[in-house]
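Student: below are the sequence and a predicted model for it; my questions follow.
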Amino acid sequence: MSEQKAIATPKRTKEILEKYGFSFKKSLGQNFLIDVNILQNIIQHANISEEINAIEVGPGIGALTEQLAIAAHKVAAFEIDGRLVPILKDTLSSYSNVRIINEDILKADIASLWQGYFQDDRPVKVVANLPYYITTRILMHLLMSQLPFSSITAMMQKEVAERMAAHENTKDYGSLSIAIQYYTVASVKMTVPTTVFIPQPRVDSAVLHLEKRQQPPVDLRDESFFFEIVQASFQQRRKTLRNNLNRHFKGKLSKEQVEAGFQHTAIDGTRRGESLSMQEFADIANYFYQQINNIPPS
Ligand code: SAM
């Protein structure tokens, strides 16, 4: 595909938008990419080839979908905005390996589509230029879905990508970093200026790659309890772990019992949540889960 013919050029994008009298819906996070090089970089970071089937979230007018159609075996793209469906039929008419599904990705039955459409054992990867207003919801929804895709490579607000990939003892590290990294190994692949989108978003963007883990990185007695403890530990970022956890366990555990948890796990209660590794959060959560549920120590 020559660059001239690609959808993702300022000229071609404007022509398509004019032809259909399309007006952007800010509420749906519609910022379309107009730079083929950026798209090809995304495809490379996602490691897309003929041996891969791809799921795209939010194809827009098809800028990324087209590059996926060229590189991957099959592409399934979920688009919530019905106005874009006839446009996509037109812009992607020369690709026979693309299926557009006019559904909200948060509500779609992805598993059925998977079986009915991909129909082979090729690994499936998710690739997207995400709508920024629901980036976290979409990623957590996919990661918790149990669908056996192997990775997600997605454009999002730079600040969100940095928080998702952050490690302990950095300002960006928080409960979001732990939620994402519990399921994946996360890395920011590139940052992207506002100028490669139409309309231009107000914030810079970044491409985040999430490689799904085969096994969780820590052993947990109870996942949702673990995430509760993580949330509670970051509730007031500047306060100590002792402070946040006493507050969280009020009425359930005494201060002495909370203190015993710090002793048992050898984690200093004067530390802040941002200094704890995922393993340390797991140790604390597993200990308090036992205490609260009266499980004798193993
Ligand atoms: N992929 C195109 C591109 O790169 O030019 C468009 C990306 S634009 C940032 C996000 C797209 O996601 C829009 O087309 C929007 O309509 C769509 N969208 C928003 N919310 C969605 C949802 N819940 N499910 C599926 N698509 C959604």
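Tutor: Yep, that arrived.
Student: what's the longest helix in this protein?
Tutor: helix 278-292 (DSSP state H).
Student: show me which residues of that helix are buried.
Tutor: Under the neighbour-count criterion of 16 or more other C-beta atoms under 10 Å, helix 278-292 has 278, 280-291 buried. The way it works is simple: take the backbone N, C-alpha and C, and place the C-beta from them, glycine included.
Student: tabulate those (a markdown table), appending distance to M155.
Tutor: Shown next, in a markdown table, are these (distance: C-beta to C-beta, whole Å):
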| residue | distance to M155 |
| --- | --- |
| M278 | 26 |
| E280 | 32 |
| F281 | 29 |
| A282 | 31 |
| D283 | 36 |
| I284 | 35 |
| A285 | 33 |
| N286 | 36 |
| Y287 | 40 |
| F288 | 38 |
| Y289 | 37 |
| Q290 | 42 |
| Q291 | 43 |
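Student: need the residues you listed in JSON lines (columns: pLDDT and distance to the ligand).
Tutor: Shown next, in JSON lines, are these (pLDDT from 0 to 100; distance: C-beta to the nearest ligand atom, whole Å):
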{"residue": "M278", "pLDDT": "98", "distance to the ligand": "29"}
{"residue": "E280", "pLDDT": "98", "distance to the ligand": "35"}
{"residue": "F281", "pLDDT": "98", "distance to the ligand": "30"}
{"residue": "A282", "pLDDT": "98", "distance to the ligand": "32"}
{"residue": "D283", "pLDDT": "98", "distance to the ligand": "37"}
{"residue": "I284", "pLDDT": "98", "distance to the ligand": "35"}
{"residue": "A285", "pLDDT": "98", "distance to the ligand": "31"}
{"residue": "N286", "pLDDT": "98", "distance to the ligand": "35"}
{"residue": "Y287", "pLDDT": "97", "distance to the ligand": "39"}
{"residue": "F288", "pLDDT": "97", "distance to the ligand": "36"}
{"residue": "Y289", "pLDDT": "97", "distance to the ligand": "34"}
{"residue": "Q290", "pLDDT": "95", "distance to the ligand": "39"}
{"residue": "Q291", "pLDDT": "94", "distance to the ligand": "40"}
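Student: nearest to F249, of these?
Tutor: F288 (7.3 Å; C-beta to C-beta).
Student: around the ligand, which positions in the chain sit nearby?
Tutor: Proximity of the chain to the ligand, by C-beta under 6 Å from any ligand atom, involves residues 28-33, 57-60, 63-64, 78-81, 84, 104-106, 129, 131.
Student: could you pull out the strands in the protein for me?
Tutor: 32-33, 53-57, 74-78, 98-101, 124-129, 151-157, 184-192, 197-198, 205-212 (DSSP state E).
Student: could you dump the ones you listed to CSV with distance to T240 and mean pLDDT?
Tutor: Shown next, in CSV, are these (distance: least, C-beta to C-beta, whole Å; pLDDT from 0 to 100):
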stretch, distance to T240, mean pLDDT
strand 32-33, 44, 98
strand 53-57, 39, 98
strand 74-78, 44, 98
strand 98-101, 48, 98
strand 124-129, 38, 98
strand 151-157, 30, 98
strand 184-192, 27, 98
strand 197-198, 42, 98
strand 205-212, 31, 98
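Student: what about the closest residue to the ligand within the stretch 1-150 of the chain, distance to Q236?
Tutor: Using C-beta to the nearest ligand atom, G58 is the residue of the stretch 1-150 of the chain that sits closest to the ligand, at 2.0 Å. Here the criterion is C-beta to C-beta, to the nearest Å. By it, G58 lies 35 Å from Q236.
Student: that concludes my questions; thank you for your assistance.
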